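# requesting a structural model of the entry that follows:
(2 chains)
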Amino acid sequence: MADTGEGKKEESDYKRLHSFPLIRQTDMPEEMRVEAMELCVTACEKYATNNESAAKMIKEMMDKKFGSSWHVVIGEAFGFEITHEVKNLLYMFFGGSLAVCVWKCS
Amino acid sequence: ELKEEITRVLTANNPQAPQNIIRYSFKDGLYKPISHVDQMAIHFSLNGNLVPKDSDEGRRQSIKLNTAAEKAPVETSATAPEEAAIKDEERTEDTQAAGEGEAEESGAAEAAEAADTEEPPPPAVKERKLANQFNFIDRPSWTPKNPVRDRACQSEPTPCKTLSDDINQWVIHDAYVEELRKREESKEKEKPKAQVAKKEEKKTKKKGRKLTSLDSQRDEMDKISKAAKIVERMVNQNTFDDIAQDFKYFEDESDEFRDQKGTLLPLWKFRYEKTNRLAVTAISWNPKYKDLFAVGYGSYNFMKQGQGMLLLYTMKNPSFPEYVFSTESGIMCLDFHNDYPYLVAVGFYDGNVAIYNLKKATSQPSYKSNAKSGKHTEPVWQVKWQKDDMDNNLNFFSVSSDGRIVSWTLVKNELVHTDIIKLSVEGTTMQGPEGLQLQTLGCGTSFDFHKKIDYLFLVGTEEGKIYKCSKCYSSQFLDVFEAHHMAVDSVSWNPYHLKVFISCSSDWTVKIWDHTIKTPMFVYDLNSAVADVAWSPYSSTVFAAVTTDGKAHVFDLNVNKYEALCTQLVVPKKKNKITHIQFNPVYPVVIIGDERGHIVTLKLSPNLRKMPK
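Numbers count the residues shown, from 1 in each chain, chains lettered A, B, ... in the order given. Got it, this is the predicted structure:
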């Protein structure tokens, strides 16, 4: 019990420690990157249970701000192969277990 | 019977009218003849439409024509009832009239009727314009059609890249762990070196920023520099266009009339503001780039010794030197290497020698001698490159007033000197303390190496002697020529005649020798100290000499053995002495340097350029 309790504590610790947004790969310019990151964080926190709504929110905001045809994938485990326009990709981790991939391709 | 007179009577009777008309008269109850028979016979009748102006009808019509549409209906309506009354009167009058005026009657009645019918329509008729063929024209037209052109364009597709990855929970977990670790490490590093590191970071950041801005500027400048150089040359060519044309194409045709004499046509003048106080001490043409020449600046004045400069000019840009090197001591001589045209050997007033590498961008010489490495103790008057020695090291010789001829070899990036020969003055060995034999050394002022015989060279001295030496013998001379009464300023082998050399001196003479004969073959007295003499590269009999009174003398032994073909005042001011002259190896141009630091290029006229057959 104690072990599992400690294990759970560790997990929650990890979650707390790992919940900051960690950018895995991006080639966006500085401003765009900061804005997109904040947007992703906001969306994920708002729709913590529903990935689809979070993705919808991110995609619509990006479309409005930076032009048409953004694509967003949020999940905990997936593989992908995408083609993105240069300087329009953001691939980041958030919340310890979520991965968000945002790219533009029309 | 013929004479019988028959009377004929003309009467106005209508022959066709009946002569006796009997009518029944009901009054009398019997047939009575009409007393008066109508005799009028109508031959022609035409119903006219003219109405007299003053009659009612005429007045009415004139009113109609004159008044406006508004008035017309009013008037016409007013006149209408009048007219009706008048019409009746007319009709009754007409019917009463018997026979006569039938035509009038009908005409009037008609007119009245016409007037009647006319009355109501006039207002309507007046406003409507008649569209008849005379007033109305149909004219269609069509603008020219513009030809249609198809034009298609396609924008470039936005650049795309593919990305593929696979993530699971453990990937995310690992990434976070890694990131945390990195952050901890950087925090640890920051703590001990907090302040210093911060300062350094700031500095590097600033430097980095400055560097980047400078770099970017430099990159831009680099890109522009090439273009700017070409533009500068173009501008110079435009400015000095006539000189460039003269240089290329002008041939003085008056030479034909000048009886073997020639002239020197002044071309460009090269001036640099920083060399205004310096004298030209050496000139040399680059063996590879025929328009590039190097000028050494220094001072011949023993009392005033200052800095020196090495400038490289090109004839393509007379306004500004290509390369500028500043030196601490005045330059006395320089020489380009034949095989490596970017290496310049330079001799200084303080006895040092140096090698400049033009390919490198530094303003310092690549190699320099110093007191430790055996520099001369007196000014170095001449340097000359030699062929690479057996180890393929570059080497050059230098001659100086300290009486030593030294060979400098570039061994492993250092200048190593080897004394070749000491110019000992014969007959002056003295007994010094402890039995040493001291020899006073003569002062070498110039030397020249034979073109074909590698080891043979000549040295001119301040005492006026010329020594023929060999590189192999370091203590003895092969021969001595009692050449001049004063210092020998320049010696030079003839490029074609292997036995002939020329020497000039401050004793106003230029002498031509055969090295096997002790006495000179030709002596020329030029009325002024001769500063420099040079053989021409195109002919074995042409040479030029410059004197300190500002004149240049060109001789051609083939043409005139005793007189100069051209004696020309080259330098404008009287106080200006000419110091050096050099022929361009390719073009018919000589450059002359003077004491003021100016360089003048002169073109040789055809008479001076005759090639021997």
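# which residues of the stretch 301-450 of chain B fall in helices?
Along the stretch 301-450 of chain B, no stretch is classed among the helices by DSSP state H, counting those that start in this stretch.
# show me the shaky parts of the stretch 501-613 of chain B.
Counting by pLDDT under 70, the ranges of the stretch 501-613 of chain B that qualify are B:573-574, B:612-613.
# in it, which residue sits closest to chain A?
For the stretch 501-613 of chain B, the residue closest to chain A is B:Val586, as judged by CB to the nearest CB, at 55.4 Å. For the C-beta atoms, the positions are set from N, CA and C on the backbone; glycine is no exception.
# now do the contacts for that residue.
Listed by CB atoms under 8 Å, 6 or more residues apart in numbering or on different chains, the contact set of B:Val586 reads B:Lys290.
# which SS state does it fall under?
coil (DSSP: H, G, I helix; E, B strand; the rest coil).
# just for chain B, where's the confidence low?
B:1, B:68-135, B:193-219, B:255, B:258, B:424-440, B:573-574, B:612-613.
# can you list the residues of it near chain A?
B:158-169, B:172-173, B:175-177, B:179-180 (CB under 8 Å from any CB of the partner chain).
# number of residues surrounding residue 46?
Answering for chain A, as no chain was given. Neighbour count for A:Lys46, taken as other CB atoms under 10 Å in any protein chain shown: 11.
# actually it's chain B I care about, not the one you picked
As a burial measure, B:Leu46 scores 6 neighbours (other CB under 10 Å).
# quick check: which element contains the closest residue to B:Leu30 other than its chain neighbours?
Residue nearest to B:Leu30 in three dimensions, not counting chain neighbours: B:Tyr24, with 7.4 Å by CB to CB, 6 or more residues apart in numbering or on different chains. B:Tyr24 belongs to strand B:22-25 when assigned by DSSP states H and E.
# wouldn't the residue nearest to B:Leu30 be in contact with B:Tyr31 here?
Yes: between B:Tyr24 and B:Tyr31 there is a contact at 5.4 Å, judged by CB atoms under 8 Å.
# common neighbours of the two, please.
By CB under 8 Å, 6+ apart, no residue touches both B:Tyr24 and B:Tyr31.
# and chain A, which of its residues are near chain B?
Residues of chain A lying near chain B (CB under 8 Å from any CB): A:14, A:17-18, A:22, A:24-25, A:27, A:75-86, A:89, A:91, A:93, A:96-99, A:101, A:103, A:105-106.
# from B:Thr601, how far out is B:Tyr313?
To B:Thr601, B:Tyr313 is 10 Å away according to CB to CB, to the nearest Å.
# and B:Gly308, by the same measure?
B:Gly308 is 22 Å from B:Thr601, where distance means CB to CB.
# could you do B:Phe325 as well?
22 Å.
# follow-up on the earlier one: list the residues that contact the residue nearest to B:Leu30.
By CB under 8 Å, 6+ apart, the contact set of B:Tyr24 is B:Leu30, B:Tyr31, B:Lys32.
# try B:Lys551
Going by CB under 8 Å, 6+ apart, B:Lys551 touches B:Leu526, B:Ser528, B:Thr567, B:Gln568, B:Leu569, B:Val570, B:Ile578.
# show me the strands in the stretch 1-150 of chain B, by range?
B:22-25, B:30-33 (DSSP state E, counting those that start in this stretch).
# among those, which comes closest to B:Phe250?
When these are compared by CB to CB, strand B:22-25 sits nearest B:Phe250, at 142.7 Å.
# can you show me the helices along chain B?
B:56-66, B:71-96, B:102-118, B:121-127, B:169-190, B:194-239, B:241-249 (DSSP state H).
# er, chain A actually
For chain A, applying DSSP H gives helices covering A:2-17, A:30-46, A:51-66.
# which neighbouring elements make contact with the longest one?
For helix A:30-46, the helices and strands in contact under the criterion 3 or more CB pairs under 8 Å, 6 or more residues apart in numbering or on different chains; DSSP states H and E are strand A:22-26, helix A:51-66, strand A:89-94, strand A:98-104.
# mind putting the ones you listed in CSV, distance to B:Tyr356 and mean neighbour count included?
Conversion of the helices and strands packed on helix A:30-46 to CSV gives the following (distance: least, CB to CB, whole Å; neighbours: other CB atoms under 10 Å in any protein chain shown):
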stretch, distance to B:Tyr356, mean neighbour count
strand A:22-26, 52, 16
helix A:51-66, 58, 17
strand A:89-94, 54, 22
strand A:98-104, 58, 24
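# got a markdown table for the ones you listed, with distance to B:Val488 and mean pLDDT too?
Formatted as a markdown table, those follow (distance: least, CB to CB, whole Å; pLDDT from 0 to 100):
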| stretch | distance to B:Val488 | mean pLDDT |
| --- | --- | --- |
| strand A:22-26 | 79 | 90 |
| helix A:51-66 | 85 | 92 |
| strand A:89-94 | 81 | 91 |
| strand A:98-104 | 85 | 92 |
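# redo these as JSON lines? Include distance to B:Phe44.
Output for the helices and strands packed on helix A:30-46, formatted as JSON lines (distance: least, CB to CB, whole Å):
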{"stretch": "strand A:22-26", "distance to B:Phe44": "120"}
{"stretch": "helix A:51-66", "distance to B:Phe44": "105"}
{"stretch": "strand A:89-94", "distance to B:Phe44": "116"}
{"stretch": "strand A:98-104", "distance to B:Phe44": "109"}
